[in-house]
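**Q** what's the 3D shape of this:
(one chain, ligands or ions: 1)
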Amino acid sequence: MNHNITIAAISTAKASAGLSVIRISGDDAITLADNIFKAKSNISLSQMKGYTCALGEVYSYDEKLDECIATVFRAPHSYTGENVVELSCHGGVYVTARILRAVYDAGAQPAEAGEFTKRAFLNGKMDLIEAESVMDIISSRSKASVRAALNVKDGALSKRIEKMKSTLMNKAAHLNAWADYPEEDIPEVEDIELISTLQAVKNELDEIIQSYDNGRILKDGIDTVIAGKPNVGKSTLMNLLAGYDKSIVTSVAGTTRDIVEESVTLDDIVLNLSDTAGIHKTGDEIESIGVEKARNKLSAASLLLCVFDMSREFDDDDKDIIKLAGDIPSIAILNKCDLKSAFDVQQVKEHFTEVICMSAKNADGVKELVQAIKRCCAVGDLNSNHTLIYNERQRTLTMKATTCIDEALQALHIGMTFDAVTVSIEEAISYFCELTGERVTDEVVDRVFHNFCVGK
Ligand code: GDP
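**A** From the prediction side, this is the model:
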């Protein structure tokens, strides 16, 4: 990719809205925008300082397309580190597309997916971890998730990695100097001190790796299956949590025959809910397929919400439901607590991680359910202010660095030469460099930005 080429794209969603922003970035961004934009004040964009804007009109040749605000950013003080002009126009899909076409006609090239952020990375405006967090901010579905991604964007994780890298570099430099210049007066490398430094780095890496599961929960949510025999209130619960009628609620058993799915955010936790067909022995062919689907869904779930009807006696179908609560965290929801209880709670208690009573119909007990979910999935103390690793690339490299530190520690423990220790430390440093993007192949960079949207 040639960095001098000026690129452009619509940076806002491609939908009718109050405003749309067309971003132009590259050496010629300002002069190019001057060819299509006429400021009401007659000042040209080329005469304007960075971080200033002008009201004017955009033209395609002689045809006036729209009135808009042009904001000028001058390199390196822009998102990409290049000259940037952002045109804020009226948010119609058609008018925005026409303006973008005019920008192309003036000489800009269409931006590839993630190309603005890629340029920001290549121009040193952010490292690879921070660039990845931009996508995480965009795709966040809860406040905690945005907070965590913003934290990474602000360099919280990068700073920790940099600090560990710097510690290891100092150790590697000392080890190399000591080995290469024995005649010089270089202080001896102390085993104990080296072990303690490496152990501290390892502990920190372990902590970061452990944050991956929390990061995934914040970002992707918890795959949750709602199960129970027919008519216990599964669909009512689904609708309550979704905040609108997603599933059909009737007093006729067996109405949910397919899986109904919805993502909901409860107190900062995203649940990817699947309301399944009532699981029970059935002669109905369509219902049987639904039951089978429910069982399959369960095998890939991370949380099971088993619903029971408290107003009815515990029976054989309930017994079958209990069997579903296998290895995954499971919560027994004793529903219809607004009615007189006929249910033997002892029958379910020992089989579930948590047992709660609620009335889905009256929206009673949601708070208790959320607390139970948090305890059950160990997200109670999930702190979005901590630095979390969010993706597989970051996790794999962090784990590889940890393995190197383990090898270095092992070498020290069995009394191998410092050469072997140095090799492992240097390898760990190279994984840190790959993590932040300091030393990374074009292929990896392309892969990171591949998942971005055009305009970001
Ligand atoms: P599903 O077959 O398990 O999905 O059950 P539904 O959600 O369709 O509910 C079956 C019936 O139970 C409907 O008539 C609901 O209004 C009723 N129901 C659901 N939850 C409650 C509850 O908490 N209290 C009472 N009294 N009725 C409920």
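**Q** host element of Ile43?
**A** Assessed by DSSP states H and E, Ile43 sits outside every helix and strand.
**Q** the strands in the stretch 151-300 of the chain, which residues?
**A** 222-227, 260-266, 269-275 (DSSP state E, counting those that start in this stretch).
**Q** contact partners of stretch 172-186?
**A** Pro187, Glu188, Val189, Phe418, Asp419, Val421, Thr422, Ile425, Glu426, Ile429 (C-beta atoms under 8 Å, 6 or more residues apart in numbering). C-beta: built from backbone N, CA, C; applies to glycine.
**Q** again, but for stretch 54-70
**A** 33, 36-41, 43, 45, 48, 53, 72, 85-90, 95, 98-99, 101-102, 105.
**Q** go through the longest strand seen in the chain and flag the buried ones.
**A** What stands out as the longest strand in the chain, according to DSSP state E, is strand 63-73. Of all the residues in strand 63-73, those buried under the rule 16 or more other C-beta atoms under 10 Å are Leu65, Asp66, Cys68, Ile69, Ala70, Thr71, Val72, Phe73.
**Q** one more: stretch 187-196?
**A** Buried-residue list, stretch 187-196, by 16+ other C-beta under 10 Å: Val189, Leu194.
**Q** gap between that stretch and the chain center?
**A** Stretch 187-196 sits 40 Å away from the centroid of its parent chain (C-alpha atoms, centre = their mean, to the nearest Å).
**Q** stretch 426-446 now?
**A** 21 Å.
**Q** any idea of the mean pLDDT in that stretch?
**A** Averaged over stretch 426-446, pLDDT sits at 91.
**Q** and it, how far apart are its ends?
**A** End-to-end distance of stretch 426-446 (C-alpha to C-alpha, to the nearest Å): 26 Å.
**Q** use 404 as the first number for this chain going forward.
**A** In the new count, where the first residue is 404, that last one comes out as stretch 829-849.
**Q** show the buried residues in the contacts of stretch 575-589.
**A** Using 16+ other C-beta under 10 Å, the buried ones in these are Val592, Phe821, Val824, Thr825, Ile828, Glu829, Ile832.
**Q** out of these, who's nearest the ligand?
**A** Closest approach between those and the ligand, by C-beta to the nearest ligand atom: Ile832, at 56.1 Å.
**Q** doesn't Leu571 make contact with that closest one?
**A** Yes - using C-beta atoms under 8 Å, Ile832 makes contact with Leu571 at a distance of 5.2 Å.
**Q** how about the helices in the stretch 754-859 of the chain?
**A** All helices of the stretch 754-859 of the chain, identified by DSSP state H, counting those that start in this stretch, fall at 769-779, 795-816, 821-839, 845-853.
**Q** show me which residues of the stretch 704-853 of the chain are close to the ligand?
**A** Asn738, Lys739, Asp741, Leu742, Ser762, Ala763, Lys764 (C-beta under 6 Å from any ligand atom).
**Q** could you look up the SS state of the fourth one?
**A** Assigned by DSSP: H, G, I helix; E, B strand; the rest coil, the conformation of Leu742 is coil.
**Q** excluding chain neighbours, what is closest to it?
**A** Ser714 (3.8 Å; C-beta to C-beta, 6 or more residues apart in numbering).
**Q** so the nearest residue to Thr825 once chain neighbours are set aside versus the ligand, what's the distance?
**A** Computed as C-beta to C-beta, 6+ apart, the closest residue to Thr825 that is not its neighbour in sequence is Leu578, at 4.5 Å. Using C-beta to the nearest ligand atom, to the nearest Å, Leu578 is found at 65 Å from the ligand.
**Q** how many neighbours does Leu578 have?
**A** Neighbours of Leu578 under the rule other C-beta atoms under 10 Å: 19.
**Q** and it, how far from Val555?
**A** 32 Å (C-beta to C-beta, to the nearest Å).
**Q** go on, Lys441?
**A** Taking C-beta to C-beta, one finds Lys441 at 41 Å from Val555.
**Q** which of these two has more neighbours?
**A** When Lys441 and Val555 are compared for neighbours, Val555 comes out ahead with 23 against 18, by other C-beta under 10 Å.
**Q** surely that one is in contact with Ser536?
**A** Yes - using C-beta under 8 Å, Val555 is in contact with Ser536, at 3.9 Å.
**Q** overlap of the contact sets of these two?
**A** Tyr793.
**Q** secondary structure element for Leu737?
**A** Here Leu737 is assigned to strand 733-738, by DSSP H and E.
**Q** relative to that strand, what are the paired strands and their orientations?
**A** In the sheet, strand 733-738 lines up against strand 706-712 (parallel), strand 757-760 (parallel) (DSSP bridges).
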